[in-house]
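# Any chance you can model this:
(one chain, ligands or ions: 1)
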Amino acid sequence: MELIVADDPSAVGRMAADEIAKHMSGRREFRLGVATGSSPLATYVSLAENHRTLFDTVDINAFALDEYIGLPQGSPATYRQTLLQTFARPLGLPDEALHTPDAWAPDPHAAARRYDELVRDAAVDLQLLGIGVNGHIGFNEPFSSLSSRTHVAELTEQTRRDNSRFFPSLSEVPTHCITQGVGTILNAATLLLVAHGAAKADALADAILGPVTWACPASALQLHPDVIIIADIQAAMKLINAGPAATPRQPART
Ligand code: F6R
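As a prediction, the model looks like this:
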């Protein structure tokens, strides 16, 4: 596991975009796992600003981590629309290159299984991740299985409150979603987690320094052989304060 501490959120985005470009370079095809929320936005901006030509030369397929259940199809708050607007279109990718769970299928459980097969067969090269303040990755909330595959999940009240900033009111935030499971996420060859802001400091410390436990789904990253974490100083504060105690598992690179 490699921890890189950046000065601020835009530096996190630049370094993460450079890391993605490094993995893509020289490849004819690349399967990129993408996340939504505010954490990856600066990465998408920097990819479009600094690495747009790479996206013209590599055959990219992108796979979302999750999708809300219950929103009108095509509504701007869906993760599909969000990723088309913030990631795929600015990079000139055709809409078909972005794969998202079919949350509108009559049987969302069957749709989750189909999506899991799609992601598994694609073999994601690099998965970009954010982390929830409660330690979730994707929408795998605390006390969900660390070996789960893509499934229908219920959002905690905390996550619904956190995400209500993207909706007119809390009552409009969906209660359920389809999310890649932690087991599905861990299948990606490389995991790149980006975090910024003091609100993420506890979750990041629990994930990296704490025990591997379903109480903190992101702690499962400790089980993966190729993890890069890029965090700003505020998000990494507890790791920095842990000092030498953090170094046996997390050699910090600045
Ligand atoms: C979104 C996702 C979530 C977010 C997490 C952090 O696709 O999978 O795990 O990464 O909720 O959200 P932000 O970045 O908005 O703080």
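
# Next to the ligand, which bits of the stretch 1-150 of the chain? Give me the list.
Contacts of the stretch 1-150 of the chain with the ligand, taken as Cβ under 6 Å from any ligand atom, map to 35-39, 65-66, 130-132, 136-139. From N, CA and C alone the C-beta is placed, and that goes for glycine too.

# Just give the closest residue to G135, not the sequence neighbours.
Using Cβ to Cβ, 6 or more residues apart in numbering and skipping the chain neighbours, the partner closest in space to G135 is C216 (3.7 Å).

# That neighbour: what's it in contact with?
Counting by Cβ atoms under 8 Å, 6 or more residues apart in numbering, C216 makes contact with 135, 142, 203, 206-207, 210.

# One more: T190?
Counting by Cβ under 8 Å, 6+ apart, T190 makes contact with 23, 125-127, 226-228.

# Also S25?
If you count contacts by Cβ under 8 Å, 6+ apart, S25 has them with L54.

# confidence score at it?
In this model, S25 is scored at 95, pLDDT.

# Near the residue nearest to M24 when sequence neighbours are not counted, how many residues? Count them for me, please.
Of all residues not flanking M24 in the chain, F30 sits nearest, at 4.9 Å (Cβ to Cβ, 6+ apart). Number of residues near F30 (other Cβ atoms under 10 Å) recorded here: 19.

# Now for F30, which secondary structure element holds it?
strand 29-34 (DSSP states H and E).

# Check which residues of that strand are buried.
Using 16 or more other Cβ atoms under 10 Å as the burial criterion, the residues of strand 29-34 that qualify are 30-34.

# now for that strand, which elements pack on it?
helix 9-24, strand 59-64, strand 126-129 (3 or more Cβ pairs under 8 Å, 6 or more residues apart in numbering; DSSP states H and E).

# What is the distance between that strand and the centre of its chain?
Taking Cα atoms, centre = their mean, to the nearest Å, one finds the center of strand 29-34 at 12 Å from the center of the full chain.
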